[in-house]
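Trainee: Predicted model and sequence follow; I will ask about them next.
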Amino acid sequence: GQNIDQPTEMTATEGAIVQINCTYQTSGFNGLFWYQQHAGEAPTFLSYNVLDGLEEKGRFSSFLSRSKGYSYLLLKELQMKDSASYLCAGTNNNDMRFGAGTRLTVKP
Amino acid sequence: KAGVTQTPRYLIKTRGQQVTLSCSPISGHRSVSWYQQTPGQGLQFLFEYFSETQRNKGNFPGRFSGRQFSNSRSEMNVSTLELGDSALYLCASSLSAGGGELFFGEGSRLTVL
């Protein structure tokens, strides 16, 4: 089975950097996704890591360590519109299971 | 390209009733997954369909069922509704089965009174 853990809530300041951690235990792991979900909206894809290392995409980066069962999402130059829930999800070629999500609040 | 469409967007039912939710995936996507989202539990996997076959099922009682049609459209049904079934039901489609990038619909928000 899969067990995915991430912090429930985080707060950061506009313009700062924030790192959202995710740990997982999953059999047959085959990739780690991050999704963003604004209140009242559908989740949208942010990033995908299948190999160890850092994937950078503009202000957002995602890191994966398969040996440690650990990932993080790094958000730079925070903007007010980044206030949202960030969902970590693991896949094992059978299905995709999600963590409970981290609600990020960006303050001025 | 049209996104994932879910209907109805909002509905209110009473305990004991049953409900059917519909999902139309992105054109060309053959995999449809269903998730239940509640504030405390996050997204809980219900089931995934690919080419009209249920590939996998989460830990939900038999009251939750689904199906997929030949055009990849999917429906899920919840019978004998309970108060705890109140949630946002999200449908997601993907090109391949088993955990590729998911494209979510806006969801169907079910309230059970």
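Mentor: Received the coordinates, thanks. Numbering: from 1, shown residues only, chains lettered A, B, ... in the order given.
Trainee: and the gap between the closest residue to chain B within chain A and B:Phe104?
Mentor: Using Cβ to the nearest Cβ, the single residue of chain A nearest to chain B is A:Thr91, 2.9 Å away. Bear in mind the C-beta positions are built from the backbone N, C-alpha and C, glycine included. Distance, A:Thr91 to B:Phe104, using Cβ to Cβ, to the nearest Å: 15 Å.
Trainee: all strands in the chain, in order from the N-terminus.
Mentor: You didn't pick a chain, so chain A it is. Counting by DSSP state E, one finds strands in chain A at the ranges A:2-5, A:9-13, A:18-26, A:32-37, A:44-49, A:53-57, A:60-65, A:70-75, A:84-91, A:96-98, A:102-107.
Trainee: To clarify, I was referring to chain B.
Mentor: Under DSSP E, chain B gives strands at B:5-7, B:10-13, B:19-24, B:31-38, B:42-50, B:53-57, B:64-68, B:74-78, B:87-94, B:103-104, B:108-112.
Trainee: Make TSV out of the ones you listed and add distance to A:Gly28.
Mentor: Rendered in TSV, the data for these read as follows (distance: least, Cβ to Cβ, whole Å):
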stretch	distance to A:Gly28
strand B:5-7	30
strand B:10-13	37
strand B:19-24	27
strand B:31-38	18
strand B:42-50	15
strand B:53-57	13
strand B:64-68	24
strand B:74-78	25
strand B:87-94	18
strand B:103-104	24
strand B:108-112	31
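Trainee: want to throw those into JSON lines with mean pLDDT, distance to chain A and mean neighbour count?
Mentor: Output for the strands of chain B, formatted as JSON lines (pLDDT from 0 to 100; distance: least, Cβ to the nearest Cβ, whole Å; neighbours: other Cβ atoms under 10 Å in any protein chain shown):
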{"stretch": "strand B:5-7", "mean pLDDT": "97", "distance to chain A": "9", "mean neighbour count": "18"}
{"stretch": "strand B:10-13", "mean pLDDT": "97", "distance to chain A": "12", "mean neighbour count": "13"}
{"stretch": "strand B:19-24", "mean pLDDT": "98", "distance to chain A": "12", "mean neighbour count": "20"}
{"stretch": "strand B:31-38", "mean pLDDT": "95", "distance to chain A": "7", "mean neighbour count": "24"}
{"stretch": "strand B:42-50", "mean pLDDT": "92", "distance to chain A": "3", "mean neighbour count": "23"}
{"stretch": "strand B:53-57", "mean pLDDT": "92", "distance to chain A": "5", "mean neighbour count": "14"}
{"stretch": "strand B:64-68", "mean pLDDT": "97", "distance to chain A": "14", "mean neighbour count": "19"}
{"stretch": "strand B:74-78", "mean pLDDT": "98", "distance to chain A": "15", "mean neighbour count": "21"}
{"stretch": "strand B:87-94", "mean pLDDT": "96", "distance to chain A": "7", "mean neighbour count": "24"}
{"stretch": "strand B:103-104", "mean pLDDT": "94", "distance to chain A": "4", "mean neighbour count": "21"}
{"stretch": "strand B:108-112", "mean pLDDT": "97", "distance to chain A": "9", "mean neighbour count": "18"}
